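>>> generate a structure from the sequence data that follows.
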Amino acid sequence: MKIIIINKLIKLVVVMFLTLITSLSFAGTKLETLTATCSACHGQLGISSNNEWPSLAGQKKGYLLQQLKAFKKGTRENAMMTGILNNISDEQLDNIAQHYASLPFNKAKASIINKAGKNKRANCISCHGMQGKTVNDTWPNLAGQNKGYLLKQLKDFSSKKRKSIIMNVIANELNEQQMIDVAEYYQQIGSKY
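I've put the predicted structure just below:
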């Protein structure tokens, strides 16, 4: 119980800190200035070291821009992201999305692949591609993404906390172990293929 309270307090302090520095960081239009706050969570090169946060490197620009705008509007719920993006123009959001889309794709994380996840990913292939790299600019690449982040997104889609006509149905068809297997599989394959 104490650990949960401490984790919530840490998250609150991080949100407050990032919101405070955001007003300063996003005052300029230089790319380094625009991405300085992003790097705290998503890594200097767009590869997050925290399993719960997404890596952005090599992600589709259209998808990144769509999600940034959703966070800013509050249609995708995340208090930290909404607070950070509150004072950013659409042009600045476009520049941020372009920057992270241009970075090298996340590398493979393991040589042993979760076979159960590989077998269960059949529902994912039509949108996210055979190797977790989508051909549609507004759909996310999954290969190399952090397992914890992917698992949370699957759970949020399953519970309809996060809305998507297609993903709500697909995620709801998976049990928790299958979600874990699929998330682990995509983290493991990275840009190996």
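>>> drop to CA atoms for contacts and neighbour counts, all remaining ones
Will do.
>>> what does the average pLDDT come to for the helix or strand in which G117 is found?
Secondary structure from DSSP states H and E places G117 in helix 115-120. When pLDDT is averaged along helix 115-120, the result is 91.
>>> what sits up against it?
Q178, I180, D181, V182, A183, E184, Y185 (CA atoms under 8 Å, 6 or more residues apart in numbering).
>>> how does the chain divide into domains?
The record's domain split for the chain, according to automatic domain parsing, is 2-102, 115-189.
>>> ok, of the ones you listed, where does mean pLDDT dip lowest?
Across the domains of the chain, the lowest-scoring stretch is domain 2-102, with a mean of 81.
>>> which ones are touching the spatially most central residue of the chain?
Centroid-nearest residue in the chain, with CA atoms, centre = their mean: P54, separated by 3.3 Å. Neighbouring residues of P54 by CA under 8 Å, 6+ apart: H42, I47, S48, Q145, N146, Y149.
>>> kindly report the same for N51.
N51 makes contact with N146, K147, G148, Y149, according to CA under 8 Å, 6+ apart.
>>> which one of those is nearest K133?
Proximity of those to K133 (CA to CA) peaks at N146, which lies at 14.6 Å.
>>> surely that closest one meets A57?
No. Taking CA atoms under 8 Å as the contact criterion, N146 and A57 are not neighbours in contact, 11.8 Å apart.
>>> helix/strand/coil for N87?
The assignment at N87 comes out as coil when based on DSSP: H, G, I helix; E, B strand; the rest coil.
>>> equivalent analysis for M81, please.
In terms of secondary structure, M81 is helix; the call rests on three-state DSSP.
>>> can you pull the contacts of it?
If a contact means CA under 8 Å, 6+ apart, then M81 has F71, K72 as its contacts.
>>> S126: neighbouring residues, count only.
Other residues lying near S126 total 12 when counted by other CA atoms under 10 Å.
>>> scratch that, A122
Here the number of neighbours of A122 (other CA under 10 Å) works out to 12.
>>> how near is it to M130?
Applying CA to CA, to the nearest Å, one obtains 9 Å for the distance of A122 from M130.
>>> just the pLDDT for S111.
At S111, the model reports a pLDDT of 71.
>>> in stretch 113-131, what's buried?
When burial is assessed from 16 or more other CA atoms under 10 Å, stretch 113-131 yields the following buried residues: I113, N114, G117, K118, K120, R121, C124, C127, H128, G129, Q131.
>>> hmm, the second one is touching A183, no?
To tie it back to what came earlier, the one meant is N114. No. Shown here, N114 and A183 do not form a contact pair, counting by CA under 8 Å, at 9.5 Å.
>>> ok so, going back, by neighbour count, which of the contacts of P54 wins?
With neighbours defined as other CA under 10 Å, the most crowded of the contacts of P54 is Q145; it has 33 neighbours.
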